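S.K.: Provided below for reference: sequence and predicted model.
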Amino acid sequence: DIQMTQSPSSLSASVGDRVTVTCRASQSVITYLNWYQHKPGTAPKLLISGIYNLERGVPSRFSGSGSETEFTLTISSLQPEDFATYYCHQTYSPPLTFGGGTRVEIK
Amino acid sequence: EVQVVETGGGLIQPGGSLRLSCAVSGFSVTKNYMFWVRQAPGKGLEWVSVLYGDGREFYADSVKGRFTISRDKSRDILFLQMNTLRAEDTALYFCASAQCSGGSCPTIWGQGTQVTVSS
């Protein structure tokens, strides 16, 4: 099974800050890596698929990078609506594991 | 318009059974693959099961032997049969479809259906 390790598990940041979330896979997931934003009681919102493909309608302040086993989600300038939990998700091989999540809180 | 809608959640006693349904529109339930994810109270997202277009199915260890994923191709509905339910199965259950192309698998999600296992 592929293990997905996210860091940090939580962070505090201010509006306007640059935020980086890291996700490490225990083995290569090639390019099959998605990033989601999740708020309680709602469906996860797909931000990025295939490591760096920004979904339609997602602000350009979100970006993804990395390859094989190391991936990064960057928010270039944090906005009030960005406070949420972010998950990486590998869709390469079942079980289709998620990272543990990174909770982004207001400083 | 592509859409995914889950139904079938509810309150069920420990040891009971429940079947979740996920109706899709705008695409076929056999396109690429479809999967179930859940979020228990205060926990992160947990992948539950996947059914590929070619019929292969896989399960998380936590539900293996108790849950069964299936589909009705004629009605474009995905199911999750949940047996021998436990309190720890209490969660918001999401259905999602992967629309893979060119090394990327963007996903479409439903809004979720709540399952509560309690006496």
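M.R.: That came through fine. Residues are numbered from 1 along each chain as shown, chains lettered A, B, ... in the order given.

S.K.: so B:Gly8 touches B:Gln114, yeah?
M.R.: No - the pair B:Gly8 / B:Gln114 is not scored as a contact, 10.2 Å apart, by CB atoms under 8 Å. From N, CA and C alone the C-beta is placed, and that goes for glycine too.

S.K.: so for those two, which residue has more residues nearby?
M.R.: B:Gly8 (16 against 13; other CB atoms under 10 Å in any protein chain shown).

S.K.: for chain B, which segments are assigned as strands?
M.R.: Assigned by DSSP state E, the strands in chain B fall at B:3-7, B:10-12, B:18-25, B:33-39, B:45-52, B:57-59, B:67-72, B:77-82, B:91-98, B:107-109, B:113-117.

S.K.: can I get those in JSON lines with mean pLDDT and distance to chain A?
M.R.: Output for the strands of chain B, formatted as JSON lines (pLDDT from 0 to 100; distance: least, CB to the nearest CB, whole Å):
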{"stretch": "strand B:3-7", "mean pLDDT": "97", "distance to chain A": "9"}
{"stretch": "strand B:10-12", "mean pLDDT": "98", "distance to chain A": "17"}
{"stretch": "strand B:18-25", "mean pLDDT": "97", "distance to chain A": "12"}
{"stretch": "strand B:33-39", "mean pLDDT": "97", "distance to chain A": "6"}
{"stretch": "strand B:45-52", "mean pLDDT": "98", "distance to chain A": "5"}
{"stretch": "strand B:57-59", "mean pLDDT": "98", "distance to chain A": "4"}
{"stretch": "strand B:67-72", "mean pLDDT": "98", "distance to chain A": "11"}
{"stretch": "strand B:77-82", "mean pLDDT": "98", "distance to chain A": "15"}
{"stretch": "strand B:91-98", "mean pLDDT": "97", "distance to chain A": "6"}
{"stretch": "strand B:107-109", "mean pLDDT": "96", "distance to chain A": "4"}
{"stretch": "strand B:113-117", "mean pLDDT": "98", "distance to chain A": "9"}
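
S.K.: just put these in a markdown table and tack on distance to A:Cys88.
M.R.: Converted to a markdown table, the strands of chain B look like this (distance: least, CB to CB, whole Å):
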| stretch | distance to A:Cys88 |
| --- | --- |
| strand B:3-7 | 21 |
| strand B:10-12 | 31 |
| strand B:18-25 | 23 |
| strand B:33-39 | 14 |
| strand B:45-52 | 10 |
| strand B:57-59 | 19 |
| strand B:67-72 | 23 |
| strand B:77-82 | 24 |
| strand B:91-98 | 15 |
| strand B:107-109 | 13 |
| strand B:113-117 | 25 |
